[in-house]
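>>> Compute the structure for the input listed below.
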Amino acid sequence: MADSAFTEPESAANTDYQPIYPYNNIQQTEAGHSFEMDDTPTRERIRLQHRVGTFIEMHPNGDEVHKVYGDGYEITILNKNVLIKGNCNITIEGDSTLHVKGDSHTVVDGSVFQKVKGDVQQLINGTKE
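Have a look, this model is predicted:
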């Protein structure tokens, strides 16, 4: 298992391929927030952007980029289900904590590989089977 590098996908509206009038429609507020709907042929996209740079952009192929310039929060009041039909890579450039306030179950249909460059500690208050 190799370490995978993460790169942000480039927008369909980049320096080489600018949106074309009259296909690009932008609404911008006085503060600098913008909503852009670009129907430029083969580069159709939608972008919602805050004045500080935080944005959501939907690309011509259906990809979505959601970039937050600040802290990000996602709160679900009831249940949540996530299905990823493909690979999932998570890169955390800092510490990570997963706090489960109930039971935790992990089911792996294949193998498990862990690479730990530091120490491993376990504190078990109950029984270990």
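
>>> Just the pLDDT at the closest residue to Val68 other than its chain neighbours, thanks.
Spatial nearest neighbour of Val68, excluding adjacent residues (Cβ to Cβ, 6 or more residues apart in numbering): Thr54 at 5.1 Å. All C-beta atoms are positioned from the backbone trio N, CA, C, and that covers glycine. You'll see Thr54 listed with a pLDDT of 98.

>>> So what's the residue count around Thr54?
Residues near Thr54, counting by other Cβ atoms under 10 Å, number 15.

>>> got it, and the one 3 residues further on?
The local packing of Glu57 (other Cβ under 10 Å) involves 20 other residues.

>>> leaving aside the residues next to it on the chain, what's closest to it?
Arg47 (4.4 Å).

>>> In contact with the spatially most central residue of the chain: list those residues for me.
Nearest to the mean C-alpha position of the chain, counting by Cα atoms, centre = their mean, stands His66 at 5.9 Å. When contacts are counted by Cβ atoms under 8 Å, 6 or more residues apart in numbering, His66 is found next to Phe55, Ile56.

>>> Cheers, nothing more for now.
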